[in-house]
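Student: Pasting the sequence and the predicted coordinates here, then a few questions.
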Amino acid sequence: MLNYGLDVHKKYTSICVMDDQGTIIDEGRALTAELPAHPAFSLKGEKRAVMEAGGNWHFVYDILQPHVDELMLAHPLRVRAIATARVKTDTIDARTLAHLLRSDLIPAAYVPPPEIRELRELLRFRLDLVKQRTATKNRVHSLLTKAGFESPVADAFGRRGRQWLSELFLPTGIRCRLDGFLRVLDCLAAEIKLTEERIRLEVARDPDAQLLMTIPGIGALSALLILSEIGDVHRFLDASHLVSYAGLAPRVRSSAGRTKLGQITKQGPSALRWVLVEATHMAVRRPGRLQEIHRRLRAKKSSSVAVVACARQMLIAIYWMLKRGVAFRADGSPGLA
């Protein structure tokens, strides 16, 4: 067996090929875009390779997969926990990955199929657009504050607010900047609308998304975002593994027979935690098990702690809903025990 450790960067990738006994067969560096053409991949024998989940792993994974028998994606945080070195270079990192691979010590990361990856990118694209819209609105408010103006309506960007902004008498420089910001907002609004139309089409043909929409606080966008971030729910052994994956499990410190729980780990997809917390704020307003949990915790904990705990319970419910194909039940079943 040939074990390939790949330290992937944007332009170049360091390669280390090692046999099962730890002998280095080949080493080198290649242009990342031309990685499969490197002579190391022409060696005879069964090949398996590993690389860390970096920013461009999608591209590298897709071009390399046809040229090896097995390709693994290593979890970067867990790799660093296993292998630390005082001297760190690309060559040493590639060797370390090859050693871990031949020893079957690679902490593998989940590789979603291409359709899930595309769905994630679509939803994250919308989130990026919304963030840009919010940032632009904040700049408009800052511009008005510097000029000594305050919007007479609650929404300065609604119909009445836009009319007020268009009629506002401002110095030429400020007016030019304000009009520029407003044009950017119009462009962002158009792009967001087009993206949301594509998302609604995806929801219409996804029964799991329609299932999640039975949960109070979860609409079409939220349902699809949750599904895209979870991927295949059957890859989790139980609900607690999904909670841990989402970063909603508390930190555990255990020593000398004493166990202490801390704040949530926040490791995993931040978008999944965000959408669950947002949905929870709406769900706890409805009568049911979630509201009871929130009310009980709110009596002795802060609001944020109570909401996060309810978000964790909501994710447990989502796990069982997807596993069993049943709708949400406010009384606590199938997952809110």
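Tutor: Sure, I can see it.
Student: after the one helix or strand residue 211 maps to, next one along is what?
Tutor: Taking DSSP states H and E as the criterion, residue 211 maps to helix 207-212. Downstream of helix 207-212, the first helix or strand assigned by DSSP H and E is helix 220-230.
Student: next one: stretch 174-192 to chain centre, how far?
Tutor: How far stretch 174-192 lies from its chain's middle: 29 Å, per C-alpha atoms, centre = their mean, to the nearest Å.
Student: Could you export that stretch as CSV, CA atoms only?
Tutor: The C-alpha coordinates for stretch 174-192 follow below in CSV (Å, rounded to 0.1, in the frame of the first residue of the first chain):
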residue,chain,number,x,y,z
ILE,A,174,-22.9,63.3,1.2
ARG,A,175,-25.8,62.9,-1.3
CYS,A,176,-23.5,61.1,-3.8
ARG,A,177,-22.3,58.7,-1.2
LEU,A,178,-25.9,58.1,0.1
ASP,A,179,-27.2,57.5,-3.4
GLY,A,180,-24.3,55.1,-4.0
PHE,A,181,-25.1,53.1,-0.9
LEU,A,182,-28.8,52.9,-1.9
ARG,A,183,-27.9,51.6,-5.4
VAL,A,184,-25.8,48.9,-3.7
LEU,A,185,-28.7,48.0,-1.5
ASP,A,186,-31.0,47.7,-4.6
CYS,A,187,-28.5,45.4,-6.3
LEU,A,188,-28.2,43.3,-3.2
ALA,A,189,-31.9,43.0,-2.8
ALA,A,190,-32.3,41.8,-6.4
GLU,A,191,-29.6,39.2,-5.9
ILE,A,192,-31.1,38.0,-2.6
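Student: If we go by neighbour counts, what in that stretch is buried?
Tutor: 178, 181, 182, 184, 185, 188, 192 (16 or more other C-beta atoms under 10 Å). Using the backbone N, CA and C atoms, a C-beta is placed for each residue, glycine as well.
Student: which of these lies closest to residue 99?
Tutor: Ranked by distance to residue 99 (C-beta to C-beta), the buried residues of stretch 174-192 are led by residue 192 at 47.3 Å.
Student: Can you pull the domain assignment for this protein?
Tutor: 2-102, 114-205, 210-324 (automatic domain parsing).
Student: where exactly do the helices run in the protein?
Tutor: 57-64, 76-82, 90-102, 114-146, 159-167, 172-204, 207-212, 220-230, 239-245, 270-283, 289-298, 303-324 (DSSP state H).
Student: what's the offset of the third one from the middle of its chain?
Tutor: Computed by C-alpha atoms, centre = their mean, the chain-centroid distance of helix 90-102 equals 27 Å.
Student: pLDDT of that helix, averaged?
Tutor: Taken as a whole, helix 90-102 has a mean pLDDT of 91.
Student: what packs against that helix?
Tutor: strand 2-8, strand 12-18, strand 24-31, strand 47-52, strand 70-74, helix 76-82 (3 or more C-beta pairs under 8 Å, 6 or more residues apart in numbering; DSSP states H and E).
Student: Residue 161: how many residues sit nearby?
Tutor: 15 (other C-beta atoms under 10 Å).
Student: How about the one 4 residues further on?
Tutor: For residue 165, the tally of surrounding residues (other C-beta under 10 Å) stands at 20.
Student: Adding distance to residue 331, write the domains of the chain out as a markdown table.
Tutor: Formatted as a markdown table, the domains of the chain follow (distance: least, C-beta to C-beta, whole Å):
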| stretch | distance to residue 331 |
| --- | --- |
| domain 2-102 | 38 |
| domain 114-205 | 26 |
| domain 210-324 | 6 |
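Student: coming back round to it: among the buried residues of stretch 174-192, which pair sits farthest apart?
Tutor: 178 and 192, at 20.8 Å, using C-beta to C-beta across the buried residues of stretch 174-192.
Student: any weak-confidence spans in the stretch 51-200 of the chain?
Tutor: 81-87 (pLDDT under 70).
Student: follow-up on the earlier one: so which of the buried residues of stretch 174-192 is the closest to residue 114?
Tutor: For the buried residues of stretch 174-192, the nearest to residue 114 is residue 192 (24.7 Å; C-beta to C-beta).
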